[in-house]
Each structure stands twice: as C-alpha cells, then as structure tokens.
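> Predicted model follows, preceded by the sequence.
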Amino acid sequence: MRILVVEDEHKIANSIKKGLELESFAVDVSFTGSEGFDLASSEEYDLIILDIMLPGLSGLEICKKLRKENIHTPILMLTARGQVSDKVEGLNSGADDYLTKPFAFEELLARVRALTRRPKGSVGQVLSIENLSLNTLNFEVKRGKKQIMLSSKEYALLEYLLRHPNQVLSKDQIINHVWDYESDVLPNTVEVYIGYLRGKLGKPEIIKTVRGFGYKLEGK
C-alpha cells in the first residue's frame with residue numbers, strides 16, 4: 001500500500017517514513033503544503049498523513065481542496081494542537097482521523113491500519129481468497145496450513161492483490177501502490193516479483209496473467 005506523508009518537520013517525516021517502510025508500506029514524503037497537495041491530487045495513494053501547520057497551504061486547506069475535487073483518499077491529520085475545537089475543525093474539513101503530537105509510532109500505525117483495513121473480502125485484519133490468507137497485523141501468510149515466508153516487497157505486492165480480488169491490475173497500478181515515487185522501477189520489475197510470488201505460493205496458480213492488461217488474483 002502507498003502512503004503520502006506531508007510534514008514540514010524533516011525529523012518527524014523521515015521517522016514516519018522509515019517506520020512505515022519497515023511495515024511494508026511504500027511511502028512518499030513532502031515537506032510543504034503546495035507540493036503535498038500537488039502529489040495528493042495527481043498521484044494515487046491509499047492514505048495521506050497530513051500535518052496541519054505547513055508552509056504554503058495548511059493541512060486544513062489541502063484537505064478541503066482535495067474533498068472539493070472529489071478525492072476521497074483517507075486522511076489522518078497530525079497537529080501539535082490538542083484542543084477539541086481544533087480536532088472538530090480538522091474533521092469538519094474532511095479528515096478521517098486526528099492524532100495529536102507528540103505520539104507513539106505504535107499509535108500512528110494502529111490508526112493507519114484502522115483507516116486502510118476495510119477492503120472487500122477481508123475479515124478483521126485477515127485478507128483471504130481460496131485457501132490463501134494474509135494477516136496484516138503479524139504479517140503471517142499461509143496457503144492452507146503451510147506458512148509462506150515473503151520479503152517485504154513480495155508481501156506488499158500480495159497485500160495489494162488481495163485487496164483487489166478478481167480485478168485486473170495493470171503494471172502501472174501495481175507500481176504506483178507497491179513502490180514509492182522515488183523508486184527506480186524497471187519495466188520488468190513487476191513481472192519479476194509476480195514470478196517470485198508464484199514460486200512461493202505454489203500450485204494451483206491463482207495469480208493470472210491477463211495479456212495486454214496486467215494481473216489478476218483469481219478465486220472466491
């Protein structure tokens with residue numbers, strides 16, 4: 001899954017990026033409101049973590065503009081202001097959740113997961129199709145009773161496929177959600193990682209190639 005962090009304090013932004021990448025998220029970072037809005041409105045993200053106090057556009061302005069443009073990506077607001085009125089203002093601007101600084105990374109991660117764990121086909125924190133399951137809390141992947149060990153990028157790719165079962169996903173869609181903006185992704189990178197996954201998941205094969213279009217995780 002791909003997340004945008006818009007935070008002008010470099011230390012906080014880089015710390016969030018590092019922590020989320022360790023949890024297998026692809027993360028882009030912006031340090032200004034204007035750049036953050038440009039990325040949020042032109043790129044496809046699964047979640048935006050948005051500070052309120054930013055140079056250029058404020059987080060509240062960004063949130064309002066995105067909602068006016070019918071961009072409904074979940075937004076988690078960050079702020080040093082903890083008054084109830086500030087929280088209400090943030091939520092009324094279109095944010096989905098609100099976290100006051102300073103915060104523990106564990107709480108941020110819990111809120112990120114809460115905002116992104118409602119996909120079709122999931123039960124709680126477990127994504128599943130046929131006899132394949134992925135637990136987003138402990139990263140456990142199983143096919144039947146067999147546990148499957150994946151690299152962080154293989155895990156992120158499988159999670160994205162599981163969140164869109166029986167949908168044809170293009171290579172560009174996969175790259176945009178599994179790799180961050182700065183990654184140097186070669187044209188055959190997706191093919192290579194699909195091959196890795198197929199090898200580890202075994203038979204019968206459930207990742208189908210739809211020639212000329214992309215890939216589909218097929219099953220019930």
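Nice, thanks for sending it over. Just so it is clear, the structure is predicted and the values come from calculations on it, not from any experiment. Residues are numbered from 1 along each chain as shown.

> Could you use CA atoms for every contact and neighbour count after this?
Will do.

> tell me the contacts of Ile174?
Contacts for Ile174 (Cα atoms under 8 Å, 6 or more residues apart in numbering) come out as Leu157, Tyr160, Val190.

> Show me what counts as buried in the helix or strand containing it.
Assigned by DSSP states H and E, Ile174 falls within helix 171-178. If you call a residue buried by 16 or more other Cα atoms under 10 Å, then helix 171-178 has these buried ones: Lys171, Ile174, Ile175, Asn176, His177, Val178.

> returning to what we had before: pipe the contacts of Ile174 into a markdown table and attach secondary structure, neighbour count and pLDDT per row.
Output for the contacts of Ile174, formatted as a markdown table (DSSP: H, G, I helix; E, B strand; the rest coil; neighbours: other Cα atoms under 10 Å; pLDDT from 0 to 100):
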| residue | secondary structure | neighbour count | pLDDT |
| --- | --- | --- | --- |
| Leu157 | helix | 22 | 94 |
| Tyr160 | helix | 19 | 91 |
| Val190 | helix | 20 | 93 |
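
> any idea how far the helix holding Ile174 is from the chain center?
Offset of helix 171-178 from its chain centre (Cα atoms, centre = their mean, to the nearest Å): 11 Å.

> Check the buried residues of helix 171-178 against Leu22 and report the nearest one.
Taking Cα to Cα as the measure, Leu22 lies nearest Val178 of the buried residues of helix 171-178, at 13.4 Å.

> Look at Leu99 and tell me its secondary structure.
Three-state call for Leu99 (DSSP: H, G, I helix; E, B strand; the rest coil): strand.

> check contacts around it.
Residues counted as contacts of Leu99 (Cα under 8 Å, 6+ apart) are Leu76, Met77, Leu78, Thr79, Leu108.
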